Each structure stands twice: as structure tokens, then as C-alpha cells.
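> This is a predicted model, with the sequence first.
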Amino acid sequence: MLDVLHTVNTFPLANLEVGQHWYWEVGSLKLHGQVFLTSWFVIALLAIVSLLATRNLQRVPSGLQNLMEYALEFIRDLAKTQIGEKEYRPWVPFVGTLFLFIFVSNWSGALVPWKLIELPASELAAPTNDINTTVALALLTSLAYFYAGFSKRGLGYFARYIEPTPILLPINILEDFTKPLSLSFRLFGNILADELVVAVLVLLVPLFVPLPVMVLGLFTSAIQALIFATLAAAYIGEAMEGHGEHD
């Protein structure tokens with residue numbers, strides 16, 4: 001369809017390419033440089049806001065302190081609901097870091113004009129627009145719930161693979177592979193699809209039509225961050241809770 005439109009020369013469209021990267025070579029490794037740049041931007045933004053919010057703590061919070069306390073309360077309630085009141089406190093920093101990093105990363109792709117910064121190859125976008133970022137976050141989540149299970153139940157953690165019957169052993173093992181896959185591809189697919197849709201609409205109808213889609217993208221980006229953090233906390237709680245055990 002793009003070839004036909006270029007031939008007609010009625011609408012000057014640009015070709016959209018997916019999968020182009022600006023590589024940094026470190027020894028024998030090739031790193032996606034544009035992902036590191038945007039990730040460092042998100043990390044720096046979170047660090048600066050946290051420092052500004054906590055440098056002069058007040059009994060009656062206001063401004064950034066009020067915002068950060070609200071975010072902390074929200075994350076703490078999320079972790080308490082999914083992990084349990086007795087075990088949730090050590091996992092609040094991990095779940096909160098996942099949520100805030102993904103949330104700010106997703107919104108940076110929609111609000112920051114990355115396209116204005118030119119690179120030798122590829123272009124800047126949200127860190128979660130790259131499958132390597134989402135897979136890394138999903139693998140960290142897997143390591144977290146394995147650690148949670150072993151720290152709470154020891155070698156008895158392996159008993160979950162043969163419960164309620166040993167026949168389910170292959171399915172229970174397969175479940176540990178599908179969890180990080182579903183986490184990573186759900187987040188990556190939604191963010192990439194949203195940015196591609198907005199890019200196409202901006203090319204076709206540059207003014208008012210993309211705005212509702214961009215607003216919807218902000219909402220879905222926030223929902224994706226919440227889903228990822230909620231599932232991560234739920235997996236951790238599930239790993240620490242034995243079958244048939246209730247607090």
C-alpha cells in the first residue's frame with residue numbers, strides 16, 4: 001500500500017521500519033544504545049524526583065512529598081494485597097521499582113519528543129518498546145519469586161511441582177516458562193503497538209485525530225505498569241504460600 005501511495009505521490013508517507021538499532025560494541029557484545037540512553041533518562045528522572053521529594057520532609061506533606069507518599073502508599077497496598085500482610089514489607093521496594101520504572105518508561109514514550117533527537121541509526125523510544133528490556137524485567141521477576149519461595153520454604157519449594165498430583169509435573173514446570181514470556185510479550189506488544197499506531201496516524205492525519213489515541217495510550221501505559229507489578233507481586237506471594245496453607 002505504501003508503494004502505491006508513493007507512486008500516486010498524493011500522500012508523502014515515510015516508511016516505518018521496526019527493528020533498527022543503534023549498536024554499542026563492548027568487546028564481542030552488541031548493545032542497543034538507544035535503549036540504554038532512554039533507560040538512564042528514566043532512572044535519572046526517578047532519582048531526581050525522589051531526592052527533591054525527600055530532602056526536606058514535613059509532617060504535613062505537600063507538593064512532591066505528597067506525590068511520593070501517595071505512590072508509596074499505593075504500592076504498599078498493592079504488595080500487601082498480593083503477597084500478604086505478614087510477608088509484603090521486604091518486597092515493597094522491588095514491586096515499587098518495577099511499577100515506577102515501567103510507568104515512567106511507558107509515559108516517556110508518549111510525552112517526550114524522542115523523535116526530535118537524531119541518531120546515526122534507529123531512533124529513541126520508550127525503554128519498554130524494546131523486547132530486551134521487557135524480557136529482562138520478566139526474568140528479574142522470575143528470579144524474585146524463585147528466591148521468595150526458597151527463602152520461605154527451602155527445598156520444600158520443589159514440592160509445588162508435584163502438587164496436587166505428580167501427573168501435573170510437566171505442566172507445573174512449563175508454567176515457570178510461560179510466566180516470564182507472558183509478562184514480557186504483553187508489555188512489549190502493547191507499548192510497541194501503541195507507538196506504531198500513533199506514528200501512523202501522525203503521518204496520515206497530523207493534527208487532531210492522533211490526540212484521542214495518545215490520551216488512550218497514556219491510560220493503557222499506566223494499566224500495563226499496574227498489571228506487570230500486580231502479577232509480579234502475585235507470583236511472589238504464590239511462591240511463598242504452600243498449597244492448602246492460609247494465614
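Sure, I can see it.

> Output the longest helix belonging to this protein.
Determined from DSSP state H, the single longest helix within the chain is helix 169-204.

> Now that helix: buried residues?
Buried positions in helix 169-204, judged by neighbour count with 16 or more other CB atoms under 10 Å: 179-180, 183-184, 186-188, 190-192, 194-195, 198, 201. For glycine as for every other residue, the C-beta is placed from the backbone atoms N, C-alpha and C.

> Give the next helix or strand downstream of that helix.
Moving toward the C-terminus from helix 169-204, the next helix or strand (DSSP states H and E) is helix 210-240.

> mind listing the helices for the chain?
Under DSSP H, the chain gives helices at 2-8, 33-54, 63-83, 92-111, 131-153, 169-204, 210-240.

> Between the ones you listed, which one is closest to residue 117.
helix 33-54 (8.7 Å; CB to CB).

> contact partners of the closest one?
Residues outside helix 33-54 that contact it (CB atoms under 8 Å, 6 or more residues apart in numbering): 21-24, 63-65, 67-68, 100-101, 104-105, 108, 112, 114, 119, 122-127, 130, 132-133.

> Let me know the average pLDDT across that helix.
Averaged across helix 33-54, pLDDT comes to 91.

> Need the residue closest to the centroid of the protein.
Central residue of the chain (CA atoms, centre = their mean): residue 102, 3.6 Å from the mean position.

> how about the nearest residue to that one, chain neighbours excluded?
Nearest residue to residue 102, sequence neighbours excluded (CB to CB, 6 or more residues apart in numbering): residue 225, at 4.1 Å.

> Quick check: the gap between that neighbour and residue 176.
According to CB to CB, to the nearest Å, residue 225 and residue 176 sit 23 Å apart.

> Count the residues that sit near residue 36.
When neighbours are counted by other CB atoms under 10 Å, residue 36 registers 15.

> Make a PyMOL selection of the buried ones in the contacts of helix 33-54.
The buried subset of the contacts of helix 33-54, as determined by 16+ other CB under 10 Å, is captured in PyMOL by this line:
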select buried, resi 21+22+64+65+68+100+101+104+105+108+112+114+122+124+125+126+127+130+133
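
> hang on, the earlier thing: which ones are touching the residue nearest to the centre of the chain?
With the criterion set at CB under 8 Å, 6+ apart, residue 102 makes contact with 128, 137, 187, 224-225, 228-229.

> got the phi/psi numbers for residue 121?
Residue 121 has phi and psi values of phi -150, psi 160 when expressed as degrees, to the nearest 10.
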